[in-house]
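>>> Kindly generate the corresponding structure for this input.
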Amino acid sequence: MTPASGLDRVLRQAVDAGAVAGVVAAAATDAGVVYAGAQGARSLGQDQAMTTDTVFLIASMTKTVTTVAALQQVERRRLHLDEPLVDVVPELAAVPVLEGFGGDGTPRLRPPARPITLRRLLTHTAGFAYDRWNATIRRYATERGIPDVSEGRLETLWRTPLVSDPGERWEYSSLDWVGIAVERVCGERLSACIRREITEPLGMTSTGFELTAEMRSRIAGRHRRLAGGDLETLPERPAGAREFDRGGGGLYSTAGDYLTFLRMLMNGGTIDGVRILRAETVAEMERNQIGDLAVTRMVSARPDLTRDVEMFPGIPKKWGLGHMITMEAVPSRRSAGSLTWAGLNNTYYWLDRARRLAAVVCTQVLPFADPQVLKLVAAFETALYGSLAG
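Coordinates of the predicted model:
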């Protein structure tokens, strides 16, 4: 059996078991792409086969792309990692800290003790939180009718408070404010900046905030895991006009496009003669940026969207710029110091710096951190490392 056929079999078994309707996975080393495979259907109950060029909503895998866009502006000295970002985005001056609720339900709000900076936003230590994993901000948003972050409404940004002082703790949050900062210094929509500075130079022709008609013809359907374990098909997301490009989660892409992006990072910011970032900037992305703070378990406040999330329990985890860092090796899988993150619809990537390996696994299943998809990712990763060792 060839290494590719063994990896195909892992994907096929997940489809046959009903874990996913379809899946695409791809991997590359310094030598180039070593695997690209697809199994199953783009959508449950339909005839369109999943293909390696299928388009996925990659949700929070957008954050790494937005991070690169922001760091490009840091290199050009238009943005600064440790200066108050209010100088670029004055609306941040009005963001208070929500300390909780009084006995009558009134929110207790106060000014933050420290400024919000770009580094704190990029490392999820600015004090913001998602309502998916924070019950306090969930209550605040629900009682005040704040639109969900996925709607792309500026009102959501302007009205959502912090839940802790900047620099106090790690709590996973949106990078939408980072996208706004990039827009302000570039003088154009984030989509235009990312297209000109990242996706077009890298040849990522199937990546963007808007679905072209051709991309839509290749889109994967979204699914939800029911209580009994079966999948149901979800309706297509409405194509309503968004007020801004969501730097925290708005991109569509393919496994191949995203793998090109990861290969650029693995190669120190350049690929095929195109330089996107300086090597020293990429090295900074790979370093622990949160000191003694730790990436902690994310407890679900929206079970319709996500389960509790703790990748690699028992292994200490830190955050760089754009990635989570697994500080110890995962047996039979990635090395210590590997970089990783994921998207809400159960898309995953990792970049193993020691083994010089990058990989992407894409599905479209809710809730996030679905145990069956996590089992698939682990099986694919284990088989991939086994094939490279052979």
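>>> And the pLDDT for Met1?
Predicted confidence (pLDDT) at Met1: the value is 42.
>>> just the helices in this structure please.
3-16, 62-75, 118-122, 135-144, 154-159, 176-186, 190-194, 200-202, 213-216, 255-266, 279-285, 371-389 (DSSP state H).
>>> okay if I get the ones you listed as CSV plus mean neighbour count and distance to Pro111?
C-beta: built from backbone N, CA, C; applies to glycine. Converted to CSV, the helices of the chain look like this (neighbours: other C-beta atoms under 10 Å; distance: least, C-beta to C-beta, whole Å):
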stretch, mean neighbour count, distance to Pro111
helix 3-16, 17, 49
helix 62-75, 24, 25
helix 118-122, 25, 16
helix 135-144, 16, 17
helix 154-159, 16, 16
helix 176-186, 23, 17
helix 190-194, 22, 28
helix 200-202, 16, 42
helix 213-216, 12, 44
helix 255-266, 23, 37
helix 279-285, 16, 30
helix 371-389, 18, 40
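>>> count of neighbours near Leu366?
Using other C-beta atoms under 10 Å, the number of residues around Leu366 comes to 19.
>>> typo on my end, Trp133
Neighbours of Trp133 under the rule other C-beta under 10 Å: 22.
>>> Chain neighbours aside, what residue packs nearest to it?
Met298 (4.2 Å; C-beta to C-beta, 6 or more residues apart in numbering).
>>> The one you found contacts Leu305, correct?
No - using C-beta atoms under 8 Å, Met298 is not in contact with Leu305; the gap is 11.6 Å.
>>> Look up how far Val89 lies from the residue nearest to Arg356 when sequence neighbours are not counted.
Among residues not flanking Arg356 along the chain, Asp30 sits closest, at 4.8 Å (C-beta to C-beta, 6+ apart). To Val89, Asp30 is 39 Å away according to C-beta to C-beta, to the nearest Å.
>>> neighbour count winner among those two?
Shown here are Asp30 and Val89; by other C-beta under 10 Å, Val89 has more neighbours (20 against 11).
>>> ok, that one - contacts?
177, 180-181, 184 (C-beta atoms under 8 Å, 6 or more residues apart in numbering).
>>> again with Met327
By C-beta under 8 Å, 6+ apart, Met327 lies in contact with 288, 315-318, 336-337.
>>> Which of these sits closest to Thr52?
The closest of these to Thr52 turns out to be Gly337 (C-beta to C-beta; 28.8 Å).
>>> Confirm for me that that closest one is in contact with His323.
No - using C-beta under 8 Å, Gly337 is not in contact with His323, being 10.5 Å away.
>>> Which neighbours do these two have in common?
Joint contacts of Gly337 and His323 (C-beta under 8 Å, 6+ apart) are Glu286.
>>> Neighbour count: these two, which is higher?
Shown here are Gly337 and His323; by other C-beta under 10 Å, His323 has more neighbours (22 against 19).
>>> distance of the more buried one from Lys63?
The gap separating His323 from Lys63 is 9 Å, by C-beta to C-beta.
>>> Now do the shared contacts for those two.
Here His323 and Lys63 have Trp341 as joint contacts, going by C-beta under 8 Å, 6+ apart.
>>> what number of residues lie near the nearest residue to Leu277 once chain neighbours are set aside?
Excluding the flanking residues, the one nearest Leu277 by C-beta to C-beta, 6+ apart is Gly269, at 3.6 Å. Other residues near Gly269 come to 22 when the count uses other C-beta under 10 Å.
>>> Quickly note the distance from Gly269 to Glu197.
Distance from Gly269 to Glu197, by C-beta to C-beta: 12 Å.
>>> got it, and Arg189?
Per C-beta to C-beta, Arg189 is found 13 Å from Glu197.
>>> who's more crowded, these two?
A count of neighbours by other C-beta under 10 Å puts Glu197 above the other of Arg189 and Glu197, at 18 against 15.
>>> Tell me who's in contact with the more buried one.
Listed by C-beta under 8 Å, 6+ apart, the contact set of Glu197 reads 69, 72, 276.
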